[in-house]
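Visitor: Following is a predicted model, sequence given first.
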Amino acid sequence: MKIINIFILLFVSSLSLESIAADCEQVIEGNDALQFNSKAMTVSAACETITVTLKHTGQLPANIMGHNWVLTKSSDFMPVAQAGGAAGLENDYVPQNDPRVIAYSKIIGGGETTTVTFSTADLSKGENYTFFCSFPGHYAIMQGSLSLTD
C-alpha cells in the first residue's frame, strides 16, 4: 500500500511540474485581419524565462502585413508603439535599446513563425503588461495583456 501511495504522489507531482513548464511557453497567432487569437496571456511567477512563439497564419508578406510581438509595461505601451514607426522595418518597428521594451520578436509575414525568450527577472506580480504588434497602425487593434500568477 505504501508503494502505491508513493507512486500516486510521484505521478501527481509530475503533472504539476508539467503544467508549470507548459505555462512558461506561450503560442499566439496573428492573421491578415489584424487579429491576435488571444487577448490575454497568463504566466506562472515560477518561470525563470518565458518563451513566446508567434505564428503568422495569414498569407501577406512582412512588408505589407507583417506582425511581431512586443511586451512593455502598460504605462509604456502607447509611447513605445508610436516610436516604433520611426524605427522602421529594418528594426522590426521597435525603438532600439529602449529600456521600456521588455521583449520583442522580429517582424514576420504570412506562413512564418518566430520565437522570443526572455527573463522574468524584470517582471513583477501585480504590474500591468501589454503585448502588441508594433507594425505601423496595428497596435491599435493587435494588443493584449500579460500577467504573472502564483
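Guide: That came through, no problem. Numbers count the residues shown, from 1 in each chain.

Visitor: The most centrally placed residue in the chain: what secondary structure?
Guide: Centroid-nearest residue in the chain, with CA atoms, centre = their mean: residue 52, separated by 4.6 Å. Recorded secondary structure, residue 52: strand (DSSP: H, G, I helix; E, B strand; the rest coil).

Visitor: heads up, I number from 828, so please use that
Guide: With 828 as the first residue, the last one maps to residue 879.

Visitor: Identify the bridge partners of it.
Guide: Beta bridges link residue 879 to residue 853, residue 943, judged by DSSP bridges.

Visitor: same check, this time on residue 959
Guide: Beta-bridge partners, per DSSP bridges, of residue 959: residue 897, residue 970.

Visitor: so it touches residue 904, yeah?
Guide: Yes - the pair residue 959 and residue 904 qualifies as a contact (CB atoms under 8 Å) at a distance of 6.4 Å. In this view, the C-beta of every residue, glycine as well, is placed from N, C-alpha and C.

Visitor: For those two, list the residues in contact with both.
Guide: Between them, residue 959 and residue 904 share these contacting residues under CB atoms under 8 Å, 6 or more residues apart in numbering: 966, 970.

Visitor: ok, the residue nearest to the centre of the chain - contacts?
Guide: Contacts of residue 879 (CB under 8 Å, 6+ apart): 852-855, 868, 896, 898, 930, 932, 942-944, 958.

Visitor: what about it, distance to residue 938?
Guide: Counting by CB to CB, to the nearest Å, the separation of residue 879 from residue 938 is 18 Å.

Visitor: picking that back up, quick one, grab the pLDDT at the residue nearest to the centre of the chain.
Guide: Looking at residue 879, its pLDDT reads 99.
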